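1. below are the sequence and a predicted model; questions follow.
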Amino acid sequence: KHTFLDQEEAVDSIASQVEEIFQQSSISTLVLLSCYSIGKEKVLWECAKRTNKTVFVNDRKHVMLTCIQKHSCVEESSNIIDRCTQKECETDIHVVPMGKCGEMWPYFRPNYNESAKYAEKVGSLSSDKQYDRVVAFIPTGWADATNWNKKNAVSMRRVDMDKIQNREGDQKTEHFIDVEIRLIPYSEHSTFPELCAFVEFLKPRKVIPTVFSDEKDYAKIEERFRDMIDSQRAKQMFVNSISAKKKRRATPEEEMKVKPNDCGTRDAAKSDTSKNESDVVVIDCGDDDERESCGDRKSTESSKKPRSEPAAGAPEVDDGKLATLVSMGFDPQVSRDVLGKSKGDIDAAIESLLCSDHSSSTTAMPSPADKKNAKKNSPASITNFFSPKSK
């Protein structure tokens, strides 16, 4: 299901069948090759070369093929534009849009009537040609996706053109077209084993899925590669980034210089006291926290009461630092305890969590409340870097 035929084998299979059709068929036959806007150029090239025939493409496809011509020094099939024509009646090999000859979702359903109608239309453009047979190829990675697709990989039917065109009386032509549609397991994408081998070779810090149906599917794809990524290196690089320069906290004297109602001045003072802060990790609050800070100062000014100090023996833990540790994957409760023991020093807390017995807790899943706090208080760069995509 997830392992395709080698692309070279698939191309050779299609080209060989097309060559055999024109060598052995005694009746007028039209070959249809299903393609997307881009891709399958190797199939077109090999079929044209072996049969010594041109390939019909529409105007849009012709423009696409012209764009890749400059890469012919890398891939021979990029010269396919030299073997193409935009005149339908000049050749018996036509490129048609994917889905014209059959649909693949949710299972393969051949479209005999559309294929036959296309053949009759092309034949009507020439006074001396009438197709009695159509062989359509659908190269797709979904060819072996289900047992149904495998069993019906070659489907055939004789189509009564008078019936599907609603011709009656003198309009009848007694014309029948034999339609054959063949599925070929071909894909431009890597197979799953190839992807696994690639990830294991690179050992990246993170794999980011780009094609998925929903958030659950995104998480499943991430899980398939979780054992192949270098998560320890990702965490260590984060530690290095925030440990390169120590953050200096403002002294009580510096805090007293800040006007109670002037949030902008306070932020300016904070920026002066954090010049040595890491360029990568942003610890300062965002707009919401700024407004809360202003509100807290106004409330404090109106009440004229100093803020209460934490109880002795129970050191206050900074929510932002705790959220940072949780977003790195550490257990929330263990992170809170270690952060308290390190007296709020996040560098020491991370070092302790990575190097001590607490490191086994890094795989624990945070609670929904902690996830919510992490998302609210931690910088986006940290959350996106170490945590799975938010649900």
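-> Good, I have the coordinates. Numbers count the residues shown, from 1 in each chain.
2. from here on, just use CA atoms for contacts and neighbour counts.
-> Will do.
3. the helix or strand Ser16 falls within - contacts with which helices or strands?
-> According to DSSP states H and E, Ser16 maps onto helix 7-24. Packed against helix 7-24 by the contact rule (3 or more CA pairs under 8 Å, 6 or more residues apart in numbering; DSSP states H and E) you find strand 29-35, helix 41-51, strand 176-185.
4. how far away from the center of its chain is that helix?
-> On the basis of CA atoms, centre = their mean, to the nearest Å, helix 7-24 sits 32 Å off its chain's mean C-alpha point.
5. that helix vs strand 176-185, what angle?
-> Orientation of helix 7-24 against strand 176-185 (axes from the mean of the first three to the mean of the last three CA atoms, to 10 degrees) gives an angle of 160 degrees.
6. how far away is Leu353 from Glu103?
-> 54 Å (CA to CA, to the nearest Å).
7. can you lay out the helices and strands packed on helix 7-24 as JSON lines showing mean pLDDT and mean neighbour count?
-> Shown next, in JSON lines, are the helices and strands packed on helix 7-24 (pLDDT from 0 to 100; neighbours: other CA atoms under 10 Å):
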{"stretch": "strand 29-35", "mean pLDDT": "97", "mean neighbour count": "23"}
{"stretch": "helix 41-51", "mean pLDDT": "96", "mean neighbour count": "20"}
{"stretch": "strand 176-185", "mean pLDDT": "96", "mean neighbour count": "22"}
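8. reformat those as TSV; add distance to Arg133.
-> As requested, those are exported to TSV (distance: least, CA to CA, whole Å):
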stretch	distance to Arg133
strand 29-35	5
helix 41-51	18
strand 176-185	5
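9. what about stretch 336-348, start to end distance?
-> Across its full length, stretch 336-348 reaches 13 Å end to end, with CA to CA as the criterion.
10. helices and strands of the chain: which one has the lowest mean pLDDT?
-> Scoring the helices and strands of the chain by mean pLDDT, DSSP states H and E places helix 380-386 at the bottom, with a mean of 40.
11. in stretch 83-99, which residues are buried?
-> When burial is assessed from 16 or more other CA atoms under 10 Å, stretch 83-99 yields the following buried residues: 84-86, 88-89, 91-99.
12. meant to ask about stretch 317-328, not that
-> With burial defined by 16+ other CA under 10 Å, the residues of stretch 317-328 counted as buried are Val317, Gly320, Lys321, Leu322, Ala323, Thr324, Leu325, Val326, Ser327, Met328.
13. quick one: contacts for the first one?
-> Think Val317. When the contact criterion is CA atoms under 8 Å, 6 or more residues apart in numbering, the partners of Val317 are Arg336, Leu339, Gly340, Gly344.
14. can you list phi and psi of it for me?
-> phi -100, psi 130 (degrees, to the nearest 10).
15. likewise for the fifth one?
-> Here the main-chain torsion angles of Ala323 (degrees, to the nearest 10) amount to phi -60, psi -40.
16. give me the distance between it and Phe176.
-> For Ala323, the distance to Phe176 under the criterion CA to CA works out to 72 Å.
17. go on, the third one?
-> Relative to Phe176, Lys321 is positioned 76 Å away (criterion: CA to CA).
18. go on, the first one?
-> The spacing between Val317 and Phe176, counted by CA to CA, is 82 Å.
19. can you get me a residue count around Ser9?
-> Not Ser; residue 9 is Glu. Each residue near Glu9 was counted by other CA atoms under 10 Å, and the total is 12.
20. check it and give its pLDDT.
-> On the pLDDT scale, Glu9 is placed at 93.
21. from Asp331, how far off is it?
-> Going from Glu9 to Asp331 by CA to CA gives 50 Å.
22. same thing with Tyr186?
-> 46 Å.
23. same question for Lys40.
-> 49 Å.
24. now do Thr3
-> Spatial separation of Thr3 from Asp331 under the definition CA to CA is 38 Å.
25. ok, now Ile177?
-> When distances are taken as CA to CA, Ile177 and Asp331 turn out to be 68 Å apart.
26. now do Leu195
-> In this structure, Leu195 lies at 31 Å from Asp331, with CA to CA as the measure.
27. more neighbours: which of the two?
-> Legend: neighbour count by other CA under 10 Å for Leu195 and Asp331, higher for Asp331 (24 against 13).
28. continuing past the strand or helix carrying Leu325, what's the next helix or strand?
-> The secondary structure element spanning Leu325 is helix 319-327 (assigned by DSSP H and E). Taking DSSP H and E as the definition, the helix or strand that follows helix 319-327 towards the C-terminus is helix 332-341.
29. that's all I had, so thanks and see you.
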